[in-house]
Structure formats: C-alpha cells, structure tokens
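Trainee: please find the sequence and the predicted model below.
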Amino acid sequence: MELVHSGKVRELYADGDDLIMVASDRMSVYDVVLPTPIPGKGTVLTQLSVWWFSQLADLIPNHLISATDVPQRWAGRAIRCRRLDMVPVECIARGYLAGLGLQSYNETGTISGVPLPPGLGEGAKLPEPVFTPTTKATAGHDEPMTYDEVVSLVGAATAAELRRATLDVYRRGAELAASRGVIIADTKLEFGLAPDGTLVLADEVLTPDSSRFWLTSEWRPGRPQRSLDKQFVRDWSSGLDWDRKPPGPEIPPDVVAATQARYAELSERLAGA
C-alpha cells in the first residue's frame, strides 16, 4: 500500500479505491509531536471512533467501511474508509467554556465572533452549544474563523451544513455521554464531501484527542476541571520551561501511566470497552 499522508498522530494508506487510516500512539500537544508514545492510545482512539460512528449513523453518514478488513499488523488501531474531498475547516462545537474558547471570551466576550453572555467563568456551561470553526493549517497553528469566513471559503450551503452537522453531532454525543456520567465540554470534527456532494463525517469523532471530557460528578464551574483527555498532558507540559516548539519534551513514566488511565476510563465509561 502507498503512504499518502502522515499526520501528527495518523497515517493514511491507499488500498485500491479505499483508504486505510492508522492511529499511532504518538501524542501531540500545541501542534508538536512529543517524543514519548502513550502505549495503546491509537487503539483507544480507533475503537472509540468506531463506536461513535455507530451511535451517530442515523444522524449523518460517515467514512467508515470496515473496522476489521485491515492489515493484521494494524488490527484494532486502523479502519478502512472512503475517499472524500475533505472540507478545509476544523469544525468545533463548544458547550462549556475552556481552553482557547475561554481565552477568547475573556478577551472579547465572544468566540469566533459569536457573542456570549457576560459573567461566565472557566468551565461554565453555555446557554446553547456554539459553532466556533478554525482554519485547518497544514503548518503552524489553526486560526479562529467567523461563520462569514467559512461561508466565503466553502459557500453558503456547505457552511450551513457544517454548522448544522457539527452541532447535531455534539448534541447527540453530549446527551449520550451525560447518560454515562460524562460531560463533553467541546469537540473538534472533520467532514468531507462524497462524489455526489453529500457531507460525510470523517477522521476521528468524540475521542480524548479531539474533545474535552469531564466527569459530571466532579464538574465545578469557576475552576479548571479534571480531564479524561489529552488536556492532562497539555497541563503537564505547560508547567515546563518549554517554548512549545519542536523538539517537545519527553513525557515521564508517571504522566504516561496517568494518561493511559484517563483514556481507558473514558472508553470504559462511554463504550464499555
């Protein structure tokens, strides 16, 4: 098979008309791949995505063809998927204030041009989930986009579909996660277009690499939350004397183990595996 793309965490291989997407154990924070892998991480990302694709199948089509018809050496961490014309927008839904959304709100009272009520603190639940897209940078950092900028980039019809689908997926995911004692604070989604123009959910979906997850029982607005996602590694790295440029720091064994435990706990709570 031909390697057609190597990302921070995933590799894409061409296999006839299909693609094989393989999730590695690499950890990326602040767009830098750290030198220490998190063993088993790629399997968690893949299996959780497969589970979510099933839960969302009636809501939007997805790119999954098979989770088992893949080379044996990648079993469990790879999927066979459809080729799509990927939309050049990172589609983010936020239901709670955290991360860059919190930073933008504190500076401007808005996120991606969407005004929010005054007086909200860290971890606060928003009145309604909001669509806060960003660019999909091939190098450097993704940059916030307003909805009008998305319209200018992909057209009004596709922009409206992206917003609708992103918020629909977030709401369905948040409702299902809530029934299992988990809050999805925000999530990043990617979409592609099928040959007939249908919008298709692609890449990973509602994983601890692409979303913020908190336990409902531990949620306390007004302070940072304990995360079951890669925010834990971001928080660890933010305490280092590191300029967030390559090369990244080695992850110590206790942080590796704690990250593994968080990913495993989330997967168990959501999908029972």
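Mentor: That came through, no problem.

Trainee: contacts and neighbour counts: CA atoms only from here.
Mentor: Noted.

Trainee: using CSV, list the CA coordinates for the longest helix along the chain.
Mentor: Secondary structure of the chain per DSSP state H: the longest helix is helix 156-178. C-alpha atoms of helix 156-178 as CSV (Å, rounded to 0.1, in the frame of the first residue of the first chain):
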residue,chain,number,x,y,z
ALA,A,156,-23.2,29.3,2.0
ALA,A,157,-24.8,25.9,1.5
THR,A,158,-21.8,23.9,2.7
ALA,A,159,-21.2,26.3,5.6
ALA,A,160,-24.8,25.9,6.8
GLU,A,161,-24.5,22.1,6.6
LEU,A,162,-21.2,22.2,8.5
ARG,A,163,-22.7,24.2,11.3
ARG,A,164,-25.9,22.1,11.5
ALA,A,165,-24.0,18.8,11.4
THR,A,166,-21.4,19.9,13.9
LEU,A,167,-24.0,21.0,16.5
ASP,A,168,-26.2,17.9,15.8
VAL,A,169,-23.2,15.6,16.4
TYR,A,170,-22.2,17.5,19.5
ARG,A,171,-25.7,17.5,21.0
ARG,A,172,-26.2,13.8,20.3
GLY,A,173,-22.8,13.0,21.8
ALA,A,174,-23.3,15.2,24.8
GLU,A,175,-26.7,13.6,25.6
LEU,A,176,-25.4,10.1,25.3
ALA,A,177,-22.3,10.9,27.4
ALA,A,178,-24.4,12.6,30.0
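
Trainee: which element follows it toward the C-terminus?
Mentor: Using DSSP states H and E, the helix or strand that follows helix 156-178 in sequence is strand 182-193.

Trainee: all the helices of the stretch 101-250 of the chain, residue numbers only.
Mentor: Under the criterion DSSP state H, counting those that start in this stretch, the stretch 101-250 of the chain contains helices at 147-154, 156-178, 231-238.
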